[in-house]
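Colleague: What follows is a predicted structure for the sequence shown.
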Amino acid sequence: MNVPASGAQLKIKSLGTDAKYFNKPIKDVKLLGYNGKLQWKLEADGLAITCPEKMPFATSVVFRIE
């Protein structure tokens, strides 16, 4: 595991609408330790999250999904 590149798009496939593992709407996605707003979109094949242009993290990242 490593820190994603700046501007990289991540996809969490288990949260996609077609996966049917999570039956509640996603209200917000946050990157802990980052004060800006993330771009994200819930799609059929997964939750797509775009990392910020500046990733000030050296060892790990944590996303909070509400």
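Modeller: Cool, got the structure.
Colleague: Stretch 58-66 - what's its average pLDDT?
Modeller: Averaged over stretch 58-66, pLDDT sits at 90.
Colleague: in that stretch, what counts as buried?
Modeller: Burial within stretch 58-66, assessed by neighbour count using 16 or more other Cβ atoms under 10 Å, is assigned to 61, 63. All C-beta atoms are positioned from the backbone trio N, CA, C, and that covers glycine.
Colleague: Kindly report the same for stretch 38-56.
Modeller: By 16+ other Cβ under 10 Å, the buried positions in stretch 38-56 come out as 40, 46-49, 51-52, 55.
Colleague: got it, and stretch 3-22?
Modeller: So for stretch 3-22, counting by 16+ other Cβ under 10 Å, buried means 4, 12, 15-16.
Colleague: so how far is that stretch from its chain's centroid?
Modeller: When C-alpha coordinates are averaged (Cα atoms, centre = their mean, to the nearest Å), stretch 3-22 and its chain have centres 6 Å apart.
Colleague: got the CA coordinates for the host helix or strand of residue 40 in CSV?
Modeller: For residue 40, the enclosing helix or strand under DSSP states H and E is strand 39-43. The C-alpha coordinates for strand 39-43 follow below in CSV (Å, rounded to 0.1, in the frame of the first residue of the first chain):
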residue,chain,number,x,y,z
GLN,A,39,-14.4,15.3,-6.2
TRP,A,40,-16.3,12.0,-6.0
LYS,A,41,-19.0,10.3,-7.9
LEU,A,42,-21.0,7.2,-7.2
GLU,A,43,-21.2,5.0,-10.3
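Colleague: ok, residues contacting that strand?
Modeller: Strand 39-43 is contacted from outside by 11, 15-17, 26, 29, 47-50, using Cβ atoms under 8 Å, 6 or more residues apart in numbering.
Colleague: relative orientation of the next helix or strand after it and strand 39-43 in degrees?
Modeller: Using DSSP H and E, the helix or strand that follows strand 39-43 in sequence is strand 46-50. Angle of strand 46-50 versus strand 39-43, following axes from the mean of the first three to the mean of the last three Cα atoms, to 10 degrees, is 170 degrees.
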